[in-house]
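# Can you look at this prediction? I've put the sequence above it.
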Amino acid sequence: MELNFTIASRICRPHQPHNMDHDADHAPDPASGPGSWSIAPENGSIGRASAAQARDDVDHTEEELELVPPVPHEAMHEAMHEAMDEDPQHSGSDHPATPMNLSGALEKQARQAEANANANDSSSENATNDPAIEELGEKSGLALFNNPPNLSRIRRVLFECSDAIEISLDEYQTYWPFIDNVWVKQRSNSSKEGHCTTDYYMCRLRRPTHRTSETRPLPEGKRPRKKRVREGGMCNFQIKVVRFEGAYSTVTIARTPGSSDVHSHDLDFIDRVKRNSGLMESARKESCKGYLPSSIYTKFQEYPEMLSEAGGRFLTVTDVRNVSAKWRIQNPEVKLIPHDGYEYQKGHGIVRSQGAAERSNETISAQSRVHPQDSAPALPPDILSFPQFSLDFLQPYLPNHADRRGEFPHVTLSYASSMDSKISLRAGMQTVLSGPEAKLMTHYLRSRHDAILIGVGTVLADNPGLNCRLEGAGGFGGLGRMWQPRPVVIDPTGRWPVHPDCRMLRTAVEGKGKAPWVVVSPGAQINPQTLMMLKGYGGDFLRIVEYNQHWRLHWEGVLRALASEGIKSVMIEGGGTVLSELLNPEYTNFIDSIIVTVAPTYLGSGGVSVSPHSKLDQEGNPNAALNPREVKWTPLGQNVIMCGKIRPHEEERRGE
Ligand SMILES: NC(=O)C1=CN([C@@H]2O[C@H](COP(=O)(O)OP(=O)(O)OC[C@H]3O[C@@H](n4cnc5c(N)ncnc54)[C@H](O)[C@@H]3O)[C@@H](O)[C@H]2O)C=CC1
Ligand SMILES: Nc1nc(O)c(N)c(N[C@@H]2O[C@H](COP(=O)(O)O)[C@@H](O)[C@H]2O)n1
């Protein structure tokens, strides 16, 4: 039986058309249909992002409150205290009657920090308490964003809410946008005159998130089914924010009596899941000046401490692109430009332009006064130098994004093989077959594809990084992870124990690659913690429901799902099972090119082979299983590279 439908859904992807999630390294929900997401290189075009998704990401759905005429001070406090005492579930409050002001809260925090001085907390949150960093933040007129004073500490106060605090409306308006990613508004009450508004918020992790599971149009009148994608109840922290607007406008923030005393997670955890609107507003403003998202992202990264203070440690170029989308849709004619001192190099992202070093010396030395180590960031030890030999022979076999059929990505099979068509000595054993030159070529190929796909057998055997480690590529002296390919792992039953120690996640944390997407089948049992963890790293699970007659995932469905996620080209590296299957006749229409590194060795019959099913001709005699066309052989060091094309010409396919 062949099931002929595909549902590709990201697990845990909230479907909120009015509310674009800046999930780490993520884009809007594919289930929102065509036009939902752009991962496309940013050559000035905006891919398929829709205007609705370009909206800034705040959960404030309520209309703006109007400012009201001044009211007497006593009336204000009366109303404020009424509002503070009022609670739907509990009467009274477990907080002091007199809330602290901001400096009181900061002093208290400082005293606690001193008391805890021996508890060696190495989190970056603490690192940003360094006065030198505060100084940098305050002084710096060079950064694209301008943090309000003491931002890191005030974010923490507003996250912890350990005491009720009373702040001015100005302070609230300045700082709240930097912490609004933590909170989801539950409801709002206003006093009759409108002077006083009470907003109830819960921690984002308390709310389950849903998305629709359908990716195709539904019959008329049928409402899409909502699927729960994040279990709620992970944190039971709740607050109320009482705003009193008048002559003496104040805002009081306090836990509600039903709330837990502390969050069940730290602030970093939320910052990873969602960006705050204060930070994104700076990115949006910069994008309205016509700068490339990757250039904005790069400039942000020049001030890592300030970025971290503002809750932007996990900011991705996709976040910047998403927040820029609205302006870019409205201004399609504007050719986006990099910032002064940078240039856009196709395939390498934004890099510092020649001669910019001198121009930006002043900037660097200004920073190095505070943090000398930042002025010359050390390159990662695993960096590979860019190939000095010609790789022109690869060109005809590489993706050409300009002439893509939208429904499927360009597919390149690329692997290293012995003379006897083995790719490893035995299943589960990593075997080096590429010499140094071929290795550089492989990394170059990775840089030319949006995604690198492997089977779970390879992940379990090799624990690969699956990133591009060429100098200049994202994370390797180049700028931004956006130029890194997306690792994709085919793991229908969820065999891979995804863990923060695995190389793909470590690579992602180090900013040297993207976190993987794991393709699973609907029956796979995915532990909710694993789900959250992978999402926190910027990865995701994709469920595919399309099988062939042997109940194996149908590659057409996998490839279509990747295309719908914005992947325009995918390099499939292995292993033996995946490659052999894809070389079978049923898939030749989907495979564009094959690039095989042949090594001068025989691995023997115990090795993992790449070999499609045998084929018989019309008389029943054995025939070659597959003959690539437009074949070219090129020696490279001790290897020979075989390039060929697989997908028949259009005319051939039409039988002309
Ligand atoms: N020399 C080279 O270039 C490379 C060598 N390798 C080697 O290959 C070996 C691994 O190969 P294999 O064991 O064959 O594993 P594999 O990496 O091909 O993964 C096979 C697994 O993927 C899943 N899978 C693949 N296609 C599927 C489909 N259509 N439907 C459902 N599930 C599907 C299944 O769970 C299957 O067991 C390792 O030793 C690795 O070192 C891997 C990649 C490249
Ligand atoms: N091109 C090539 N040559 C070889 O000799 C190989 N063993 C492989 N293996 C593939 O590369 C992955 C390792 O990637 P990282 O270096 O860890 O990023 C491995 O998993 C195979 O897909 N490839």
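Great, that's in hand. Ligands and ions are numbered 1, 2, ... in the order given.
# Parallel or antiparallel, list what pairs with the strand or helix carrying residue 252.
Element membership for residue 252 (DSSP states H and E) is strand 250-255. Sheet pairing here is set by DSSP bridges, and for strand 250-255 it gives strand 165-168 (antiparallel), strand 238-244 (antiparallel).
# list the buried ones in that strand?
250-255 (16 or more other Cβ atoms under 10 Å). No exception for glycine: its C-beta is placed from N, CA and C like everyone else's.
# repeat for stretch 180-199
180-186, 188, 195-199.
# Now, those residues that are in helices?
Using DSSP state H, no member of those sits in helices.
# Can you give me the neighbour number for residue 110?
Residue 110 has 12 neighbouring residues, counting by other Cβ atoms under 10 Å.
# what about it, which SS state?
Following DSSP: H, G, I helix; E, B strand; the rest coil, the label given to residue 110 is helix.
# Within range of ligand 1, give me the residues from the stretch 401-550 of the chain.
When proximity is defined by Cβ under 6 Å from any ligand atom, the stretch 401-550 of the chain lies next to ligand 1 at 415-416, 423-424, 427-430, 433, 454-458, 461-462, 490, 492.
# Out of those residues, which end up buried?
Buried residues within these, counting neighbours by 16+ other Cβ under 10 Å: 415-416, 423-424, 433, 454-458, 461-462, 490, 492.
# ok so, going back, for the buried residues of stretch 180-199, which one is nearest ligand 2?
For the buried residues of stretch 180-199, the closest approach to ligand 2 (Cβ to the nearest ligand atom) belongs to residue 181, at 32.3 Å.
# where are the low-confidence patches of the stretch 551-656 of the chain?
Within the stretch 551-656 of the chain, the segments meeting pLDDT under 70 span 651-656.
# In it, what residue spans correspond to strands?
With DSSP state E, counting those that start in this stretch, the ranges of strands along the stretch 551-656 of the chain come out as 569-574, 593-598, 608-609, 615-616, 622-623, 629-636, 639-645.
# can you count the residues close to residue 642?
If we define neighbours as other Cβ under 10 Å, then residue 642 has 16 of them.
# what pairs with the closest residue to it other than its chain neighbours across the strands?
Nearest residue to residue 642, sequence neighbours excluded (Cβ to Cβ, 6 or more residues apart in numbering): residue 596, at 4.6 Å. For residue 596, the beta-bridge partners are residue 415, residue 642 (DSSP bridges).
# Would you confirm that residue 596 contacts residue 412?
No - taking contacts as Cβ atoms under 8 Å, residue 596 lies outside contact range of residue 412: 10.8 Å.
# who has more neighbours, these two?
Shown here are residue 596 and residue 412; by other Cβ under 10 Å, residue 412 has more neighbours (25 against 22).
# Could you tell me whether that one really is in a helix?
No - under three-state DSSP, residue 412 sits outside any helix and is assigned strand.
# if we can go back for a sec, which two from the buried ones among the residues of the stretch 401-550 of the chain next to ligand 1 end up farthest apart in space?
Spanning the widest gap among these are 433 and 492, at 27.3 Å by Cβ to Cβ.
# Which helix or which strand is home to residue 494?
Going by DSSP H and E, residue 494 is not part of any helix or strand.
# That one contacts residue 526, doesn't it?
Yes - using Cβ under 8 Å, residue 494 is in contact with residue 526, at 5.6 Å.
# what is in contact with the two at once?
Both residue 494 and residue 526 are contacted by residue 520, under the criterion Cβ atoms under 8 Å, 6 or more residues apart in numbering.
# The buried residues of strand 250-255: which two are farthest apart?
Comparing every pair within those by Cβ to Cβ identifies 250 and 255 as the most remote, at 17.8 Å.
# quick one, which of the strands paired with strand 250-255 is nearest to residue 572?
Closest of the strands paired with strand 250-255 to residue 572 is strand 238-244, at 47.4 Å (criterion: Cβ to Cβ).
# That closest one: which residues count as buried?
Using 16+ other Cβ under 10 Å as the test for burial, strand 238-244 gives 238-244.
# who are the neighbours in contact with the closest residue to ligand 2 within the stretch 251-400 of the chain?
With Cβ to the nearest ligand atom, the shortest gap between the stretch 251-400 of the chain and ligand 2 falls at residue 382, namely 8.8 Å. Contacts for residue 382 (Cβ under 8 Å, 6+ apart) come out as residue 469.
# where does it land in three-state SS?
Put simply, residue 382 is coil when judged by three-state DSSP.
# re the thing from before, from the buried residues of strand 238-244, which are also near ligand 2?
Filtering these for proximity to ligand 2 by Cβ under 6 Å from any ligand atom leaves nothing.
# could I get the residues you listed as TSV with pLDDT and distance to residue 335?
What follows is the buried residues of strand 238-244, written out as TSV (pLDDT from 0 to 100; distance: Cβ to Cβ, whole Å):
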residue	pLDDT	distance to residue 335
238	96	47
239	96	45
240	95	48
241	95	43
242	94	48
243	92	43
244	89	48
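# Need the max-distance pair from those residues.
Distance extremes for the buried residues of strand 238-244: the farthest pair is 238 and 244 at 20.4 Å, using Cβ to Cβ.
# Tally up the residues packed near residue 334, please.
Here the number of neighbours of residue 334 (other Cβ under 10 Å) works out to 13.
# hmm, back to that, enumerate every residue touching the residue nearest to residue 642.
Going by Cβ under 8 Å, 6+ apart, residue 596 touches 413-417, 641-642.
# From residue 392, how far out is it?
Distance of residue 596 to residue 392, given as Cβ to Cβ, to the nearest Å: 18 Å.
# Residue 301 touches residue 307, doesn't it?
Yes - taking Cβ under 8 Å as the contact criterion, residue 301 and residue 307 are neighbours in contact, 6.8 Å apart.
# In terms of neighbours, single out the busier of these two.
More crowded of residue 301 and residue 307, by other Cβ under 10 Å: residue 307, with 23 against 15.
# Below-threshold pLDDT in the stretch 51-200 of the chain: ranges please.
Filtered on pLDDT under 70, the stretch 51-200 of the chain yields the residue ranges 51-98, 117-142.
# which stretches of it form helices?
Secondary structure of the stretch 51-200 of the chain by DSSP state H, counting those that start in this stretch: the helices cover 73-85, 102-115, 124-127, 131-139, 151-160, 169-175.
# again with the stretch 451-600 of the chain
With DSSP H, counting those that start in this stretch as the criterion, the stretch 451-600 of the chain has helices at 456-462, 503-509, 528-536, 555-564, 576-582.
# can you pull the contacts of residue 339?
Counting by Cβ under 8 Å, 6+ apart, residue 339 touches 291, 295-296, 298-299.
# Determine which two of the residues you listed are furthest apart.
Maximum pairwise distance in the contacts of residue 339, criterion Cβ to Cβ, is 9.9 Å, between 291 and 298.
# top of the contacts of residue 339 by neighbour count?
Going by other Cβ under 10 Å, residue 296 tops those with 30 neighbours.
# isn't there a helix covering that residue?
Yes - applying three-state DSSP, one finds residue 296 inside a helix.
# which residues does it contact?
Contacts for residue 296 (Cβ under 8 Å, 6+ apart) come out as 144, 283, 286-287, 320, 324, 339.
# please redo it, this time with the cut-off set to 10 Å
144-145, 282-287, 289, 315, 317, 320-321, 323-324, 336, 338-339, 350, 480 (Cβ atoms under 10 Å, 6 or more residues apart in numbering).
# Among those, the buried ones, what's the ChimeraX command?
Per 16+ other Cβ under 10 Å, the buried members of the contacts of residue 296 correspond to this ChimeraX selection:
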select :144,145,282,283,284,286,287,315,317,320,321,323,324,336,338,339,350,480
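# rewinding a little: anything in contact with each of residue 596 and residue 412?
Shared contacts of residue 596 and residue 412 (Cβ under 10 Å, 6+ apart): residue 643.
# Output the set of residues of this structure in proximity to ligand 1.
Selection of the chain residues close to ligand 1 by Cβ under 6 Å from any ligand atom yields 415-416, 423-424, 427-430, 433, 454-458, 461-462, 490, 492, 552-553, 573-578, 581, 608.
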